[in-house]
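Let me see the structure of the following:
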Amino acid sequence: MKLRTKAFRATVSAACLAVGVGTLYFFAQEFLALPFRDTNDKLHGEDAPVTLDFLIPGGTYVDPTMTIGEVARLRFKKPGNTAASIVGRFSEIIPVKYRLLGTGILYLFWSFLFLVFFRVFTWMRYTTALGIAFLGGATLYFFVPDLVAGRVDDTIFAGWSLFFLTALRWLRQRDKGGQSS
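The predicted model follows:
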């Protein structure tokens, strides 16, 4: 397959992906802009199997002018879960340098577990498994309550894993180019 054919197929695939994501985004925005009460009453009137009642936070009055997006924001605006609040209160007691050390150890722990999984159950090379393990550890670390408040540490770990994978790919491309000459 020629390079132009591959480039054309990649461009068409990327364009189809962009159109699909754009369409989903447009329809989601249109849905979230609908009035909540009218839509929910219509679903109740038609005995629909799914209604919008699950979006109403307990003890909250839903104004007739509110949209579905506003009610959803109210619903998901609630404070973090109990595990995150306990870890947050506990982490305030720990000195900053130990919180940073614990954060790094937690990230490396998750990355190590991914590395062990990939090396035991796949035929990946060590460098590939390590790069994907860094990315998996950063992704899992993003969703786990940690000792450092905010998203700075999550961004640093995700950036490191993406940098590592990019550097690994660049080195492999450079080595392939050097061998063929």
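
where are the low-confidence patches of this structure?
Along the chain, the parts satisfying pLDDT under 70 run over 78-81, 83-84, 178-181.

Just give the nearest non-adjacent residue to the one residue sitting closest to the centre of the chain, would you?
By C-alpha atoms, centre = their mean, the chain has its centre lying nearest to residue 139, at 6.8 Å. For residue 139, ignoring the flanking residues on the chain, the nearest one in space by C-beta to C-beta, 6 or more residues apart in numbering is residue 158 at 7.5 Å. From N, CA and C alone the C-beta is placed, and that goes for glycine too.

and the helix or strand encompassing the one you found, how far out from the chain's middle?
Taking DSSP states H and E as the definition, residue 158 sits inside helix 152-180. How far helix 152-180 lies from its chain's middle: 20 Å, per C-alpha atoms, centre = their mean, to the nearest Å.

Please point out which parts of it sit buried.
Residues 153-154, 157-158, 160-161, 164-165, 168 are the ones in helix 152-180 that count as buried (16 or more other C-beta atoms under 10 Å).

Just give me the closest of those residues to residue 26.
The closest of the buried residues of helix 152-180 to residue 26 turns out to be residue 158 (C-beta to C-beta; 27.8 Å).

quick one: the closest one and residue 142 touch, right?
Yes: with contact defined as C-beta atoms under 8 Å, residue 158 counts as touching residue 142 (7.0 Å).
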